[in-house]
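*Asks:* need a structure here:
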Amino acid sequence: MSNFYQSLPRPFISLAPMEDVTDVVFRQVVARAGRPDLFYTEFTNTDSFVSPLGKHSALRRLQFLPSEQPIVAQIWGSKPESFANTIPELKAMGYQAVDINMGCPDKAVVKSGGGSALIRNPELAGEIIRVAKQAGLPLSVKTRLGFSRVDEWRDWLSFLLQQDLELLTVHLRTRKEMSRVEAHFELIPAIIALRDQIAPQTRLAINGDVLNRTQALELAHQYNLDGVMIGRGVFQNPFCFTDKIPTQNELLDLLKLHLDLFDKHNTDGAKKFAPLKKFFKIYLRDFDGAKDLRARLMLTDSTAEVRQILADFEAGRLARLSAEQINQLLED
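*Replies:* Model prediction:
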């Protein structure tokens, strides 16, 4: 076992890998607000990484800055040979560890045999892990309790723990449950007991319904967890890794930073503006006029337009929209 995961604080708190969210831009924003102990990239398809047609896009998703260390590359796929060819290149890029996504519930990912589909195909999952471990970087897996039923967890997690992983992160829901039910915190003691029985050397982290640092530390101390991962909590408060309650100015400053970093890392224009709008709800909340402002920004087509509206808002030059107008804009 390497010392990468062992060198993290105990408990460590990480930012969950989220598709089209946790890119190099947003990770820098979170770091400014209050960084976690560990970052993950967006999850990247190993088949795309080894394909001449997909390589450029995959490399873009895996872009990171030295200041983001420790950071783990999260990858997914269903072909062991693609993992074997991808991980050595990740090592050359400067990554110190790799995490395999075996829990993504996305229909397209499952149809391709990756993500949570591997829960139903442990033989392939084991072969992927075996090949990945030979490639020379510390290896972890992020998964779910099961595919269709909660009671699948014991057999599936037992199998993974037998693979001598450095870290196992468990999202406390099944693939079928998505995020529609509460996370199954009641299973944590049994999961820890299983880990202690099969692979006490493997660090264990949990994910699901954890919103902030205080809650993460309470769970970690209550159950003696090695780590806790925060995902959607960052959408409710980008300062969630510090438990700070931000002011209006602090939220607006973070949005401006996000715009600046988006432009800085998008000089070739490859990253479209529209997906940036999903981040507005992170910063435009919990202050007077926030919903009004967000409704206006949803009509913008460029970072320059966003900056102008923000300047007008801060200068008091924006007339308030009616509730009907706001709802119409946000619905559209």
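
*Asks:* what's G233 in contact with, if anything?
*Replies:* 210-212, 240 (C-beta atoms under 8 Å, 6 or more residues apart in numbering). Yep, even glycine has a C-beta here, placed from its N, CA and C like the rest.

*Asks:* want to throw the residues you listed into JSON lines with distance to L187 and pLDDT?
*Replies:* Conversion of the contacts of G233 to JSON lines gives the following (distance: C-beta to C-beta, whole Å; pLDDT from 0 to 100):
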{"residue": "V210", "distance to L187": "15", "pLDDT": "97"}
{"residue": "L211", "distance to L187": "19", "pLDDT": "96"}
{"residue": "N212", "distance to L187": "22", "pLDDT": "96"}
{"residue": "C240", "distance to L187": "24", "pLDDT": "97"}
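
*Asks:* and stretch 295-309, which residues are buried?
*Replies:* Under the neighbour-count criterion of 16 or more other C-beta atoms under 10 Å, stretch 295-309 has 295-297, 300, 303, 306-307, 309 buried.

*Asks:* what about that stretch, start to end distance?
*Replies:* End-to-end distance of stretch 295-309 (C-alpha to C-alpha, to the nearest Å): 11 Å.

*Asks:* thought F279 was touching H258?
*Replies:* Yes - the pair F279 / H258 is scored as a contact, 6.1 Å apart, by C-beta atoms under 8 Å.

*Asks:* these two: who's more crowded?
*Replies:* Just comparing F279 and H258: by other C-beta atoms under 10 Å the higher neighbour count belongs to H258, 23 against 20.

*Asks:* name the nearest residue to that one, sequence neighbours excluded.
*Replies:* V29 (5.0 Å; C-beta to C-beta, 6 or more residues apart in numbering).

*Asks:* thinking again about what came up before, quickly list what's touching both of F279 and H258.
*Replies:* Common neighbours of F279 and H258 (C-beta under 8 Å, 6+ apart) are F26.

*Asks:* OK, contacts around the residue lying closest to D263 once chain neighbours are set aside?
*Replies:* Leaving aside its sequence neighbours, D263 sits nearest to T303 (C-beta to C-beta, 6+ apart; 5.6 Å). T303 is in contact with 259, 262-263, 273, 276, counting by C-beta under 8 Å, 6+ apart.

*Asks:* low-confidence ranges, the chain, go.
*Replies:* Applying pLDDT under 70 to the chain picks out residues 1, 321-323, 325-329, 331-332.

*Asks:* the strands in it, which residues?
*Replies:* Secondary structure of the chain (DSSP state E): strands at 12-15, 39-40, 44-45, 71-76, 98-102, 139-144, 167-171, 203-207, 227-230.

*Asks:* now those as JSON lines including mean neighbour count and distance to A319?
*Replies:* Listed next are those as JSON lines, based on neighbours: other C-beta atoms under 10 Å; distance: least, C-beta to C-beta, whole Å:
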{"stretch": "strand 12-15", "mean neighbour count": "24", "distance to A319": "38"}
{"stretch": "strand 39-40", "mean neighbour count": "22", "distance to A319": "41"}
{"stretch": "strand 44-45", "mean neighbour count": "23", "distance to A319": "45"}
{"stretch": "strand 71-76", "mean neighbour count": "26", "distance to A319": "44"}
{"stretch": "strand 98-102", "mean neighbour count": "25", "distance to A319": "47"}
{"stretch": "strand 139-144", "mean neighbour count": "25", "distance to A319": "47"}
{"stretch": "strand 167-171", "mean neighbour count": "25", "distance to A319": "45"}
{"stretch": "strand 203-207", "mean neighbour count": "24", "distance to A319": "43"}
{"stretch": "strand 227-230", "mean neighbour count": "24", "distance to A319": "38"}
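
*Asks:* these two touch, right, D243 and A216?
*Replies:* No - taking contacts as C-beta under 8 Å, D243 lies outside contact range of A216: 9.7 Å.

*Asks:* between these two, which has more neighbouring residues?
*Replies:* A216 (27 against 14).

*Asks:* okay, the nearest residue to the more buried one once chain neighbours are set aside and E305: tell me how far apart.
*Replies:* Distances taken as C-beta to C-beta, 6+ apart put V228 closest to A216, at 3.9 Å, once the chain neighbours are dropped. Between V228 and E305 the distance, using C-beta to C-beta, to the nearest Å, works out to 38 Å.

*Asks:* need the buried ones from the contacts of T303 selected in ChimeraX.
*Replies:* In ChimeraX, this line selects whichever of the contacts of T303 come out buried by 16+ other C-beta under 10 Å:
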select :259,262,276
